[in-house]
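Take this sequence and fold it.
(one chain, ligands or ions: 2)
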Amino acid sequence: MTLRFYDTASAEVRDFVPLEAGKASVYYCGATVQGMPHVGHVRSAIAFDQLTRWLEYRGLRVTVVRNVTDIDDKILAKSALSFGPDWAEEASAKAEEEWWALAYRYEQEFELAYDTLGVGRPSYEPRATGHIPEMHALIQRLIDRGHAYPALDDSGDVYFDVRSWSKYGSLTRQNIDDMQGAEDADPRGKRDARDFALWKGFKDGEPTTASWVSPWGAGRPGWHLECSAMATKYLGSQFDIHGGGLDLRFPHHENEMAQSQAAGDGFANYWMHNGMVTYEGEKMSKSVGNTVSPAEMLELASPRVVRYYLGQAQYRSILDYRPTSLQEAAAAVERVYGFIAKASKKFGGEFVAHPESSPVPDGFGSAMDDDLNVPQALGVLHETVRAGNTALANGDDAGAQQALQSVMAMTTVLGLNDVRGEVQENSGTAQALEVLVEAQLEARAKARATKDWAASDAIRDVLAAAGIVVEDGADGASWSLKRD
Ligand SMILES: Nc1ncnc2c1ncn2[C@@H]1O[C@H](COP(=O)(O)OP(=O)(O)OP(=O)(O)O)[C@@H](O)[C@H]1O
Ligand SMILES: [Zn+2]
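Residues are numbered from 1 along each chain as shown. Ligands and ions are numbered 1, 2, ... in the order given. Okay, the predicted model is just below:
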């Protein structure tokens, strides 16, 4: 079996051949921490979390770097607003908030959303502000090779010279003359309006804390440069996969690729881009104001349902948000976890204790190998659940146990068992709950045997109040946790 991914740079699905056998290095663009996360951001992180988990499942040792862009025009502008009369940010925001405090506050909101929804922590999460020397070194290499120049005016900026790099535009297959100008600086200081800022000279009125000394004068780095410097610092001058949302393909990734390759680095071998979460057809975006935050979605559904919903489409497709889609996801999760609960109660925790050591079905594996075809993989998951339920109903213990192990392996590799705030089927909490509820059900059975209906109903009410549903069947009472 071969892993294959769609590579945006070559516009084709390519066999994945890592630079170093048995290893994979992945960099994907993290958040510009200028505001609250929305579920579009989280979908991106879930897509690359699925990639990481799948590479690991296939036996690769994966190094993942996801940056935090903690210095940026938008962060400074938001902080400046907090000092000015127009301040009208979210009620929770403190007035007069320094840019670095604002960035850190939002960084933590992103971390909380990632953790709640089971996005594994990367191997490392560099902040742009911690890598200024590496950025200077990259600018210097570009100047030395004739691909960058200090601004022609006195702004103190340094620009990448797009005309000096013949491959400029190759990631997005654009002709340089058809491209828009870069809007990050006054065009009077540039050789070409498309030249983009590597370094932004300090301007009056900006906070001095957002300024670093450099050979070209005080200032701060440009966004594109930040990612190039951080990716190569940790993953080397050439690495396997660079990821991010499709909206970043141009100009961000085009510029990253141009400046890194012009500096002499091989840079990314594969470029992978997740599709957008849209709301009524339009990209969910802070600037459009059509966002749904993870916290809002988590009021409508449990973390596992939200994770399922955001991760169920193939990562390159558009996910158009409709509130009813959460109900469909909830029903799917209910089917899968209803089976896990029933079967693990019957066969005990050992069948779900080490899901990572059980293999996934072949059909699931080949779907994931094929550019992470999650919808097809989920088809196999649901088929296995159906087969497991049939086996349970027919008293086919071996078949049901096998289905249970497969289902645990599949849900684990999809990250559905790492969400926060759900009782994990294989945890000590689940086992303790099992013992306590069974004791209650035994007491209830005794009460019923002596026709003490008041006592039996009282036990049922206590369990119901704790969110436990009791069902009486031919084989006695069974219980389950009430789900969304
Ligand atoms: N609506 C969306 N759907 C899917 N991925 C998204 C969406 N919006 C942003 N992303 C991705 O999330 C990651 C972090 O994004 P970043 O902080 O740069 O946000 P952004 O694009 O500036 O968001 P916004 O447009 O809301 O300001 C990037 O990989 C980006 O492509
Ligand atoms: Zn980036």
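
Run a quick neighbour tally on residue 299.
When neighbours are counted by other Cβ atoms under 10 Å, residue 299 registers 8. (C-beta placed from N, C-alpha, C; glycine too.)

quick check, it in a strand?
No. Assigned with DSSP: H, G, I helix; E, B strand; the rest coil, residue 299 falls outside any strand and is helix.

just the residues of the stretch 201-350 of the chain that are near ligand 1, which are they?
Listed as neighbours of ligand 1 in the stretch 201-350 of the chain under the rule Cβ under 6 Å from any ligand atom: 244, 245, 247, 248, 274, 276, 277, 283, 284, 285, 286, 287.

Redo the residues you listed as a markdown table? Include distance to residue 40.
A markdown table is the format used below for these (distance: Cβ to Cβ, whole Å):
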| residue | distance to residue 40 |
| --- | --- |
| 244 | 12 |
| 245 | 7 |
| 247 | 9 |
| 248 | 12 |
| 274 | 9 |
| 276 | 6 |
| 277 | 4 |
| 283 | 7 |
| 284 | 4 |
| 285 | 7 |
| 286 | 9 |
| 287 | 12 |
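
Among the residues you listed, which ones are in strands?
Within those, residues falling in strands by DSSP state E are 244, 245, 274, 277, 283.

Ligand 2: which of those residues is nearest?
Relative to ligand 2, the closest of these is residue 244; by Cβ to the ion it sits at 5.9 Å.

Tell me which other helices or strands the one helix or strand residue 257 maps to touches.
Here residue 257, judged by DSSP states H and E, is contained in helix 254-262. Under the contact criterion of 3 or more Cβ pairs under 8 Å, 6 or more residues apart in numbering; DSSP states H and E, helix 254-262 touches helix 132-144, strand 158-160, helix 223-235, strand 267-274.

same thing but at 6 Å, please
helix 223-235, strand 267-274 (3 or more Cβ pairs under 6 Å, 6 or more residues apart in numbering; DSSP states H and E).

residues making contact with it?
When contacts are defined by Cβ atoms under 6 Å, 6 or more residues apart in numbering, helix 254-262 is touched by residues 147, 160, 165, 168, 171, 172, 196, 224, 227, 228, 267.

looking at it, the first one is touching residue 164, isn't it?
When you say that, I think you mean residue 147. Yes. If you go by Cβ atoms under 6 Å, residue 147 and residue 164 touch, sitting 4.9 Å apart.

The two: which is more packed in?
residue 147 (24 against 18).

ok, the closest residue to the more buried one other than its chain neighbours to ligand 1 distance?
Leaving aside its chain neighbours, residue 147 sits nearest to residue 262 (4.2 Å; criterion: Cβ to Cβ, 6 or more residues apart in numbering). Using Cβ to the nearest ligand atom, to the nearest Å, residue 262 is found at 23 Å from ligand 1.

mind checking how far residue 262 is from residue 239?
Counting by Cβ to Cβ, to the nearest Å, the gap from residue 262 to residue 239 is 17 Å.

What of residue 309?
Counting by Cβ to Cβ - residue 309 and residue 239 are separated by 31 Å.

same deal with residue 308?
31 Å.

Next: residue 23.
Here residue 23 is placed at a distance of 10 Å from residue 239 (Cβ to Cβ).

Which of those two has more residues huddled nearby?
The neighbour comparison of residue 23 against residue 239 (other Cβ under 10 Å) goes to residue 239, with 25 against 13.

I'd guessed residue 333 sits against residue 308; true?
Yes. The pair residue 333 and residue 308 qualifies as a contact (Cβ under 6 Å) at a distance of 5.2 Å.

more neighbours, the two?
The residue with more neighbours, out of residue 333 and residue 308, is residue 308; 27 against 23, by other Cβ under 10 Å.

Check which helix or strand that one maps to.
Going by DSSP H and E, residue 308 is part of helix 303-311.

now residue 42
helix 39-57.

which residues sit against the next helix or strand after that helix?
Next in sequence after helix 39-57, counting helices and strands by DSSP H and E, comes strand 61-66. Strand 61-66 is contacted from outside by 23-28, 30, 52, 55-56, 122-125, 234, using Cβ under 6 Å, 6+ apart.

Repeat that for stretch 367-387.
Residues from elsewhere that reach stretch 367-387 (Cβ under 6 Å, 6+ apart): 1, 3-6, 13, 50, 54, 314-315, 335-336, 339, 361, 363-364, 403, 406-407, 410.

now for the longest helix along the chain, which elements pack on it?
Longest helix in the chain, counting residues (DSSP state H): helix 323-347. Applying 3+ Cβ pairs under 6 Å, 6+ apart, we find helix 323-347 packed against helix 303-311, helix 374-393, helix 397-413.

check contacts around residue 335.
residue 385.

Could you report the distance from it to residue 411?
Distance from residue 335 to residue 411, by Cβ to Cβ: 12 Å.

Equivalent analysis for residue 393, please.
Residue 393 is 21 Å from residue 411, by Cβ to Cβ.

So which of the two has more stuff around it?
Shown here are residue 393 and residue 411; by other Cβ under 10 Å, residue 411 has more neighbours (24 against 9).
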